[in-house]
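Trainee: sequence and predicted structure are below.
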Amino acid sequence: MRPLLTIFAFLFAVSTLFAQQKVHYTAEDQAVFDKYVAYIKPYEAKPMETVLEKTAGFFLGTPYVAHTLEVTPSEELVVNLRELDCTTFVENVIALSLAAKTDDLSFCRFTDELRNIRYRNGEINGYQSRLHYASDWVFENEKRGLVKNISLSLGGIKETRKIDFMSAHPEAYRQLKSDTEMREKIVAMENSLNSRDGFYYLPKNKIAAQAKNIPHMAMIAFVTSIKGLDATHVAFAYRKKNGELSFIHASSLAGKVVIDKKSLSNYCASQKNNTGVMVMEIED
């Protein structure tokens, strides 16, 4: 019986792997990817900062659309290069840039990078395995060497507030409205997140003084005072030709990907609930 059980275990593992590798995308997404491959070719040998900048610039004008990942009945790797929200913009730019810096800029390599970025340990194991909270996303991707939170070195402070917005507001999430079991899994995820020693961020009253030290194309997470939430928005720091530090992002206000007209400091100062930013260098 043991050999038979071994075979069944192997087949189960293989079927699980294939399930994890299932990718939801359209012919239009493939066409955008093919266009990107031709566009980025002259820059592939450039430093990561340049590749990130050019990749982000490739998406300028792309429409902002929320909830683009909530299109399949079960959790799958959803690729949408035609419409972006702030998180999918950042994830797609990083995943494409990582793929471009290899000798295998294929759609499969891109989706592998995207899966590794978006899910805990790079594995799709239900809705709870997606990295929903920005601080959790940073923690997991810093652990695997993709990003480095440099907020402390910029004069940042620690935030240790309880993070539980999702479990406290299940009605705001399609997957949590009527699924008690999934809510319990989200609570377990939040408990794990809250068992850590918080996260560092740069207070908004220090951004102007530290602007010159924030790297061009560093990932930015906008920390919030909203109860139970760590951050409300993500983007890339963007140094304009005149030296002013702004940011490039998928903007719900503009309805598309833009380089913001405001400086990073002025934008944060204008946002009532914003308390500052997490600053992450993207590792090459």
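Mentor: Here it is on my side, so go on. This structure is a prediction, so every number in the text was calculated from the model and none was measured.
Trainee: all strands for the chain, in order.
Mentor: With DSSP state E as the criterion, the chain has strands at 23-24, 77-78, 147-149, 157-159, 199-203, 219-224, 231-239, 245-251, 256-259, 274-282.
Trainee: what's the fifth one in contact with?
Mentor: If you take Cβ atoms under 8 Å, 6 or more residues apart in numbering as the criterion, strand 199-203 is touched by 135, 138-139, 149, 151-152, 154-159, 210, 221, 223, 230, 275-279. In short, each C-beta sits where N, CA and C put it, glycine included.
Trainee: apply 10 Å and report the result again.
Mentor: If you take Cβ atoms under 10 Å, 6 or more residues apart in numbering as the criterion, strand 199-203 is touched by 133-136, 138-139, 142, 149-161, 163, 193, 209-210, 213-214, 220-223, 230-231, 264, 268, 275-279.
Trainee: thinking again about what came up before, which of the strands of the chain is buried the deepest?
Mentor: Across these, the average number of neighbours (mean count of other Cβ atoms under 10 Å) peaks for strand 219-224, which reaches a mean of 27.
Trainee: ok, that one: who's next to it in the sheet?
Mentor: Paired neighbours of strand 219-224 in the sheet (DSSP bridges): strand 231-239 (antiparallel), strand 274-282 (antiparallel).
Trainee: now the ones you listed as a markdown table including mean pLDDT?
Mentor: Shown next, in a markdown table, are the strands paired with strand 219-224 (pLDDT from 0 to 100):
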| stretch | mean pLDDT |
| --- | --- |
| strand 231-239 | 98 |
| strand 274-282 | 98 |
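Trainee: dump these to JSON lines, plus distance to E181.
Mentor: What follows is the strands paired with strand 219-224, written out as JSON lines (distance: least, Cβ to Cβ, whole Å):
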{"stretch": "strand 231-239", "distance to E181": "27"}
{"stretch": "strand 274-282", "distance to E181": "31"}
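Trainee: centre of the chain to stretch 141-157, how far?
Mentor: Centroid displacement of stretch 141-157 relative to its chain, using Cα atoms, centre = their mean, to the nearest Å, is 15 Å.
Trainee: again with stretch 225-236
Mentor: 12 Å.
Trainee: and stretch 102-113, average pLDDT?
Mentor: The average pLDDT within stretch 102-113 is 96.
Trainee: now swap in stretch 126-136 and tell me
Mentor: 98.
Trainee: just stretch 39-49 next, same as before
Mentor: For stretch 39-49, the per-residue pLDDT averages 97.
Trainee: first to last residue in it, what's the distance?
Mentor: End-to-end distance of stretch 39-49 (Cα to Cα, to the nearest Å): 16 Å.
Trainee: give me the contact list for it.
Mentor: 37, 50-55, 57-58, 94, 96-103, 105, 215-218, 281-284.
Trainee: so where's this structure uncertain?
Mentor: Within the chain, the stretches with pLDDT under 70 are 1-21.
Trainee: and if we set it to 80?
Mentor: Within the chain, the segments meeting pLDDT under 80 span 1-21, 284.
Trainee: tell me how this protein divides into domains.
Mentor: For the chain, automatic domain parsing gives the domain ranges 20-129, 146-282.
Trainee: distance from the chain centre to stretch 254-263, please.
Mentor: Using Cα atoms, centre = their mean, the offset of stretch 254-263 from its chain centre is 18 Å.
Trainee: give me the number of neighbouring residues for S252.
Mentor: Burial of S252 is recorded as 13 neighbouring residues (other Cβ atoms under 10 Å).
Trainee: the helices in the protein, which residues?
Mentor: 2-20, 27-40, 48-58, 86-100, 107-118, 134-143, 165-168, 180-194, 207-210, 264-270 (DSSP state H).
Trainee: H249: which of those helices is closest?
Mentor: Nearest to H249, of all these, is helix 86-100, at 5.7 Å by Cβ to Cβ.
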